[in-house]
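Student: prediction below, plus the sequence it came from.
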Amino acid sequence: MRVSRCGIHGFHETLGIDQDEIRFFWALSSDEEFAAQTAYRIIVTTEPFTLEDLSTSREPITWDSGKVQSNEQRDILCRPGNGFRSTCMYYWRVMVWDTHGSYFQSSLNSFFTAYPRSHLLPPYSMNQTYMPHTSLIFRTWFEDRENKWRAVWLGDGGDKPFYLRKTFHLSRKPTKAIALASGLGHFNLYTNGGLASNHVLDPGWTNYHKTVQFVGYNLTDRLTVGENVLAAHVGNGFYAGDQGDRFFWPMYEDNTYVRYGNELCFFAELHLFYEDGARDIIISDPSWRVRKSATSLANIYASENHDRRIYPEGWDAPGFDDGEWAFAKPLTGPRGQLRYQSQPPVTLHEIFKPIKTHSPRPGTVCFDLGQNASTMVKIEVEGDAGSEVVIRYGETTYEDGRILMPDPLFKEFETGVYSKFILGEALGPQTWEPDFSFTCARYIQVDGVALEPGQGFPIIHSAVGQHVSTASRRLGNMKTDKEDCNALIKACYWSYASNLFSYHTDCPQIEKFGWLEVTHLLAPATQYIRDVEALYTKILQDIIDTQEASGLVPTMAPEIRYMCGPLHDTITWGCALCFLPDILLRYYGSTQMIPKVYQPAIRYMEYMRTKERKGGLIEHGLGDWGRDIAFGNHQANIETAIYYQCLRNLETFARVQCLESEAQAFSKWAERIYKVYNQHLLVTDDPERPYAYYTSLDQYPAHDRTAVSQAIALQFGLVPEQYRADVMRAFLDDTSDGRIRSGEIGLRYLFNTLADANRPDIVLQMCRQEEHPSYMRFLRRGETTLLEFWQDECRSKSHDMLGTIYEWFYAYVLGVKPTGIAYKTFDISPPYVSEFNEVNGTIDCPYGNIHVSFVRAGQNEDIQLQIVVPMSTVATLRLPGDGRYAFIERMGNWKRKVQGDRVDLKQGIYMVDIPKRQPLGNL
């Protein structure tokens, strides 16, 4: 048995953990079918250790779970009695015992703490000017200094990007060097002439009045004996957004954007540890040097100005003369509490090189990257100093290849989004890429350049797109024998990947806002391809920070731009507060956010209670947004069902915390909504239809019978048992023509209900419609991502909100669907009754890799399956159910013949043959 992967719930990186309790998880692997964990023990110490060290009591133990008789591998709480020491490296191992009594251990894991009980930087004036010399009322501020932040916020007092640097000398090399730093809006950290990490756009975007994230960096290998430099480049982001003379959405129309702060700022602490136990700390203080950046505009909406002529070469390396730089100013900084950047950082991934390059007119060169994706463009140009190059980006072009914004309301995006690069003195090509901005683009237009010399312009040597997205772990992939489906799967992937950053947006080009409906609607699909546990944990903190005093949860978090009416208050968006903890529990087995979210979620439900109509219906939101472009409908059906599910989730959260009386209260509240829902929306006596069905109240008192109404009731468990068959019949009656009649909210439940009805033919018919609504129409027109609405041309062409079809592909076509917590049990239901003859895919679930290969071959339509089931899980293989035998072989172990509609499989690799013509006799 092997411990294959270990981690801490809710943390992608572990250099700066600022909590006094954490939760461990691990995965196991074994070749034995019946191998199982029977017990575990976790040990945490402040020094690296082996089991031999423990046996001789050489190492101090911070926390020891003791030997626990359990097969649990997730959500294991670690809470040392006195908390964790500040700025300390901790080491931990997990030991597990199998059914034979043998034990196995993980490799040594580590994490570094920041200040678990301190969340603010001290004002410089309090530390240095007069407070130390005044009365005893400030005494406690200066006590327990080892557990409090010491650095101060620095800047130049302005709102334009700047460089900061600090030179320091080391007489010996430290054994460990950990930097904790933050810069707002975004910053890049440098050490001795190089970037400190592969991160971009650090720290994550938050409501800076409530939360400011800091980032941890391991600089051990970057420091040397002698002169060293710690440096930072700081830009605007949303913290102090700078429109300049360009497009900036929060200022669009009604100028509702209010800056979080007006002074860009930075802080850092560099903690140095030595072999003899000594330690030192270098902090940001007014001894640092500062000067304006060569990047004079850093507009988060993909518009930057950079003048290479004034770039201070070598500014981030030793030996640079900063004598003319000013001393940094201590600043007040933001109000928010400091929290560790627990979610995955944003990083650069694939590079897209042009598949087509041409010059439509003198001085302009256009590039087609072949794939629309979130990007930070990079160009290489050679020319005279002072030459100006303008870089534009877009998802659509005119016929000659120049950037086009097809939405007439947003023509400003076509003309007012660009970056300007001024060449400096240099021999050979010069490279430019944005420092603090990103966009989504397939096309690049560069003005002021030429492809060949002799035209009076600088020569452009290359232009590429650098895909920018979350660094969350990649989990899954799949492929079918239908090329149009593969193209749709690929388009969904790039739509998803292009909208995951330090928050989940639904558009990386135009808006960049943290709309909350996509977080819960797309989570069941996203968890197949990305490990988003840490990201969604951070988003929950964003939601808590954004919640209003009334209990209302706005439609976006962070809330950067005030939206009025239903665009501000809609439960299908705000419910993310109640849905995401349940998603973290179901898909990752993590409960750590439930106690934190519980009271805010209760306040939200109390707020929603004040919005009830007709005894419990909710009808004031956006309804099924996105149907017929953007049209409110099905409010009572959708929003009341979401309200009901929020209450059911709160019942679950109460039980997780052993609050049984509160769980019963939420159950009773939910039952009331159930009764009101059916009282007003279930029709059982329509003489024109021989079955019961659900109606919307859109044309009250007239009744309709839409697929969305039926699907919502079925998927949320709101249909009385005696009417389930009727409602499914009503649903199929409205979907039998293969037309999509749904907005973004209803779409997920539409596809899931068709999956329950085992009707992949209808789903594919919907996808392949010649006219909109149609996924394949997008692809036939050459799109490589999903558009915002069911239109040929949209302002945004990388909107993931219509992408819930992705979940259907993984859960139905690949056929893998979790049924137990964190995939402890899961179904494998191959597409027996479908047009698919080959499907192949892998999902790295919390317990390990699941693999499914489905092949329907030969004239007899024999079916072959290859299945990999990870350790600690049980897969239920669904069989065709037509009476055929299946022959199952567990590789290297056994072979047997089974008959029935299902069979349970423990860990291992399996070959399954299901012949169309059944042989006689037994195996």
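Tutor: Received it, and whenever you're ready, just let me know what you need. Residues are numbered from 1 along each chain as shown.

Student: could you pull out the strands for the stretch 551-700 of the chain?
Tutor: 682-683, 693-694 (DSSP state E, counting those that start in this stretch).

Student: wait, which of these is closest to Glu143?
Tutor: With CB to CB, the closest approach to Glu143 among those belongs to strand 693-694: 63.5 Å. Bear in mind the C-beta positions are built from the backbone N, C-alpha and C, glycine included.

Student: who touches that closest one?
Tutor: 637, 681-683, 686, 705, 709-710, 712-713, 726-727, 730 (CB atoms under 8 Å, 6 or more residues apart in numbering).

Student: now do the following helix or strand past it: distance to the chain's middle.
Tutor: Note on strand 693-694: by DSSP states H and E, the next helix or strand toward the C-terminus is helix 707-715. Its chain's C-alpha centre lies 28 Å from the corresponding centre of helix 707-715 when counted by CA atoms, centre = their mean, to the nearest Å.

Student: elements contacting helix 707-715?
Tutor: Packing partners of helix 707-715 (3 or more CB pairs under 8 Å, 6 or more residues apart in numbering; DSSP states H and E): helix 635-656, helix 660-681, strand 693-694, helix 724-735, helix 744-756.

Student: tell me the mean pLDDT over that helix?
Tutor: Average pLDDT, helix 707-715: 98.

Student: check the helices and strands packed on helix 707-715 for me and report the most buried one.
Tutor: strand 693-694 (a mean of 28; mean count of other CB atoms under 10 Å).

Student: strands paired with that strand, and their directions?
Tutor: Its sheet considered, strand 693-694 pairs with strand 682-683 (antiparallel) by DSSP bridges.

Student: next one: the strand it pairs with to chain centre, how far?
Tutor: 39 Å.

Student: what sits up against it?
Tutor: Arg689, Ala692, Tyr693, Tyr694, Thr695, His703, Arg705, Ala713, Val719, Pro720, Tyr723.

Student: same list (the strands of the stretch 551-700 of the chain) but as TSV, adding mean pLDDT.
Tutor: Below are the strands of the stretch 551-700 of the chain laid out as TSV (pLDDT from 0 to 100):
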stretch	mean pLDDT
strand 682-683	98
strand 693-694	98
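
Student: okay if I get those as a markdown table plus distance to Gly333?
Tutor: Listed next are the strands of the stretch 551-700 of the chain as a markdown table, based on distance: least, CB to CB, whole Å:
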| stretch | distance to Gly333 |
| --- | --- |
| strand 682-683 | 56 |
| strand 693-694 | 53 |
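
Student: nearest to Leu540, of these?
Tutor: Evaluated over the strands of the stretch 551-700 of the chain, closeness to Leu540 peaks at strand 693-694, with 31.8 Å, by CB to CB.

Student: neighbours around the residue nearest to Thr555 when sequence neighbours are not counted, how many?
Tutor: Using CB to CB, 6 or more residues apart in numbering and skipping the chain neighbours, the partner closest in space to Thr555 is Trp573 (3.8 Å). Burial measure for Trp573: 29 neighbouring residues, criterion other CB atoms under 10 Å.

Student: of all the contacts of strand 682-683, which two lie farthest apart?
Tutor: The widest separation within those (CB to CB) is 18.1 Å, between His703 and Pro720.

Student: which one of those two is surrounded by more residues?
Tutor: Ranked by neighbour count (other CB under 10 Å), His703 and Pro720 place His703 first, with 17 against 14.

Student: check what pLDDT that one gets.
Tutor: 95.

Student: list the contacts for it?
Tutor: With contact set as CB under 8 Å, 6+ apart, His703 has these partners: Val683, Asp686, Thr695.

Student: in the sheet, who's paired with the first one?
Tutor: Beta bridges link Val683 to Tyr693 when assigned by DSSP bridges.

Student: next, count neighbours for it.
Tutor: Residues near Val683, counting by other CB under 10 Å: 19.

Student: same question for the second one.
Tutor: The number of residues packed near Asp686 is 13, by other CB under 10 Å.

Student: domains for the chain, by residue range?
Tutor: Residue ranges for each domain of the chain read 2-113, 124-343, 347-470, 476-680+763-813, 823-914, as given by automatic domain parsing.
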